[in-house]
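Peer 1: Compute the structure for the input listed below.
(2 chains)
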Amino acid sequence: MDVIFGNLDLWSEALTNTLMVFVFGGIIALVLGIIVGAMRVSPVPIARAVGTVYVNLVRNTPLTLVFFFFVFGYPQLGLPDMSNTVLGILAIGIYTATYVAEVLRAGINTVPVGQAEAARAIGLPFGQVMTLIIMPQAFRSVVPPMMSVFIALLKNTTVAAGFAISELAALRATINDAPGRPGNPMEVLLWVAVVFVALVLLMSWGQRTLENKWRIAR
Amino acid sequence: MRRTRTLAGLGIATVALLALTACNSGTPSDPGGDAGGDDSSGSSTPWTVAKDVKLDGSPTFDAMKERDGVVIGVKEDQPGLGYLDVTTGERTGFDVDIARWIAASLGFDEKQIEFKPIASANREQSIVNGDIDYYVGTYSINDKRKEQIDFAGPYFITGQGLLVAKDAPEADKLEDFNGKTVCSATGSTPIQNIKANFPEIKTQEYDLYSACVEDLISGKVDAVTTDQAILIGYAAQYPDDVKVTGGLFTEERYGVGLPKGDDALRAHINTLFTDGGDIWQQIFDNNLGDSGIKVEQPAVDAY
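Peer 2: Purely as a prediction, here's the structure:
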């Protein structure tokens, strides 16, 4: 336990950074993902095309490369300075948004066509068909896969360790080499794994709750 | 019809894969050949490969003998010290030559050496796991590391220095960087020094120093700090963008990382360094002589 209590300052910093990347990255992913998911099923051809290009381009690029582009490429574009943590959050958010969009699209496809047709028949425009009829139903049916996307997002935060964001995965190197810090790399990794399992269990519990609450009788 | 096409596709893929594998197995010998050609043209190999080496009681050496080759952990992004030219596949640098010299003293020639690039943060673990036989790559001897591994040497002494942008003002103390951002490798000795003693300096940590230098050139950090020997290499590589400034803030003693408890191999390398004569100086002159820094071979600390 020395490895935890002897390095409490490092653990709290690392956990905060991991959760920050996860939460803010998750918000970006959700908002952007919903927009892109809606674009991919919209009746406007240009919106569909943009959505398709975005999903296929970003989803097929390894996350490390997306990070690399944001952390090392972005500063050379002459845009406003941002800290590596912010750039990392952008990278992981934009990357995960493609998965959110695809999961949502799958959810939208599970909503019977009749629902959309009925909505259009009573004169609702596309925006309202989406927000009032389709999306609420789609959301309910995609809770489990959506949670998988977010669990993957949580674990993907470890990629940030290679880009100067001092989160949980970076702890091993820091604790291992600091003079006077108790613990060896294997102990640290073991505890990092325990923390991740605990966080994922928490999310699984959230998934259960949502599933039970939102269950639809079909 | 469809089935045949799939089969044909699979066949093509297999052939392609085999072809690729064939290429792959042929490549490693090429850089070795190139390096060999280079070596004969100059006096870049002042050492000779020993014959019929016997080293009793060294499990690491037994393992090398068994696989008829030696696996050495190195850096490959530090010009002048441990550098891999990706276009020619040639490895150069002071540390790499020291590694070759040790291999030669154990009876292994260039073709029997396999170099493995290992980032600073993973060095102890690779040695403990037995992924490499020994590590030569700007590896500072310190007590925390000695708990996990052993060191032969030191073979080089340098100290923490600073690399700043070409147009930055000269800085001769670390306090000049209060409130600014300084970059170094994750878990490296210099970054620990700053975190422990200069809490007002912001830090940024990457796995590789080259990423720090990248950030320095793009202006995201104000300085890169690590051992001056490493920084001089970068200053030579990007003379228009960066410069070394200030003196040495600490003393870092580079050693050869060895599996813990292999006293026979440690004694062998220490003896090699002690009795090497001019070879050390020649290796130094070949790799770092042009940098202008003057260094004597340090005395071995056979603890």
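
Peer 1: Quick one: low-confidence residue ranges for the chain.
Peer 2: Using chain A here. A:179, A:216-218 (pLDDT under 70).

Peer 1: was after chain B, sorry
Peer 2: Filtered on pLDDT under 70, chain B yields the residue ranges B:1-44, B:291-293.

Peer 1: Show me the helices in it, by range?
Peer 2: Here chain B has its helices, by DSSP state H, at B:2-26, B:29-41, B:59-67, B:94-105, B:123-129, B:143-146, B:189-197, B:209-217, B:228-237, B:263-275, B:279-288.

Peer 1: which ones are touching residue 187?
Peer 2: In the absence of a named chain, chain A is used. Going by CB atoms under 8 Å, 6 or more residues apart in numbering or on different chains, residue A:187 touches residue A:3. To be clear about C-beta, it is placed using only N, CA and C from the backbone, and glycine gets the same treatment.

Peer 1: Let me rephrase: I mean chain B.
Peer 2: When contacts are taken as CB under 8 Å, 6+ apart, residue B:187 is in contact with A:173-174, A:176-178, B:120-121, B:205.

Peer 1: can we see that at 6 Å?
Peer 2: Shown in contact with residue B:187 (CB atoms under 6 Å, 6 or more residues apart in numbering or on different chains): A:173-174, A:176-177, B:121.

Peer 1: and which of the residues you listed is nearest residue B:214?
Peer 2: Nearest to residue B:214, judged by CB to CB, of the contacts of residue B:187 is residue B:121 at 17.9 Å.

Peer 1: By residue count, what's the longest strand in chain B?
Peer 2: strand B:149-158 (DSSP state E).

Peer 1: What residues does chain B have near chain A?
Peer 2: Within chain B, the residues that sit near chain A (CB under 6 Å from any CB of the partner chain) are B:121, B:125, B:144, B:186-187, B:192, B:204-207, B:214, B:218, B:220.

Peer 1: Pull out the buried members of those.
Peer 2: Neighbour counting over these (16 or more other CB atoms under 10 Å in any protein chain shown) leaves B:121, B:125, B:144, B:186-187, B:192, B:204-207, B:214, B:220 as the buried ones.

Peer 1: Please find the angle between the direction vectors of the host helix or strand of residue A:18 and helix B:189-197.
Peer 2: Residue A:18 is part of helix A:8-41 when elements are defined by DSSP states H and E. Angle of helix A:8-41 versus helix B:189-197, following axes from the mean of the first three to the mean of the last three CA atoms, to 10 degrees, is 110 degrees.

Peer 1: State the next helix or strand along the chain beyond helix A:8-41.
Peer 2: Immediately after helix A:8-41, counting by DSSP H and E, sits helix A:45-59.

Peer 1: tell me which residues in that next one are buried?
Peer 2: Quick answer for helix A:45-59 (16+ other CB under 10 Å): A:47, A:51, A:54-55, A:58.

Peer 1: Stretch B:161-170 now?
Peer 2: B:161-165, B:168.

Peer 1: Same check on stretch B:188-203?
Peer 2: Buried residues in stretch B:188-203 (16+ other CB under 10 Å): B:188-195, B:198, B:201-203.

Peer 1: Which two of these have the greatest separation?
Peer 2: Farthest-apart pair in the buried residues of stretch B:188-203 is B:189 and B:202; separation 18.4 Å (CB to CB).

Peer 1: Narrow the buried residues of stretch B:161-170 to those in strands?
Peer 2: B:161-165.

Peer 1: Run the angle between the helix holding residue A:18 and helix A:45-59 for me.
Peer 2: Angle of helix A:8-41 versus helix A:45-59, following the same axes, to 10 degrees, is 150 degrees.

Peer 1: Now helix A:8-41: buried residues?
Peer 2: Applying 16+ other CB under 10 Å to helix A:8-41 flags A:10-11, A:13-15, A:17-18, A:20-22, A:24-26, A:28-30, A:32-41 as buried.

Peer 1: Over to stretch B:86-93?
Peer 2: B:91-93.

Peer 1: who touches residue A:81 in this structure?
Peer 2: Counted by CB under 6 Å, 6+ apart, residue A:81 has zero contacts.

Peer 1: re the thing from before, for ChimeraX, what selects the buried ones among the contacts of residue B:187?
Peer 2: To isolate the buried ones among the contacts of residue B:187 in ChimeraX, judged by 16+ other CB under 10 Å, type:
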select /A:173,174,176,177 /B:121
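
Peer 1: Which of the contacts of residue B:187 fall in strands?
Peer 2: Going by DSSP E, the strands hold none of the contacts of residue B:187.

Peer 1: which pair in the residues of chain B next to chain A spans the largest distance?
Peer 2: Greatest spacing in the residues of chain B next to chain A, by CB to CB: B:144 and B:218 (32.9 Å).

Peer 1: Relative to residue B:153, which of the buried residues of stretch B:188-203 is nearest.
Peer 2: Among those, and counting by CB to CB, the member closest to residue B:153 is residue B:189, at 15.4 Å.

Peer 1: thought the closest one was touching residue B:138?
Peer 2: No - applying CB atoms under 6 Å as the test, residue B:189 and residue B:138 come out as separate, 10.0 Å apart.

Peer 1: and the residue of chain A nearest chain B?
Peer 2: residue A:173 (3.3 Å; CB to the nearest CB).

Peer 1: ok, that residue - contacts?
Peer 2: So residue A:173 contacts B:121, B:186-187 (CB under 6 Å, 6+ apart).

Peer 1: Distance of it relative to residue B:140?
Peer 2: 15 Å (CB to CB, to the nearest Å).

Peer 1: And residue B:56, by the same measure?
Peer 2: 30 Å.

Peer 1: With that, I have no additional questions.
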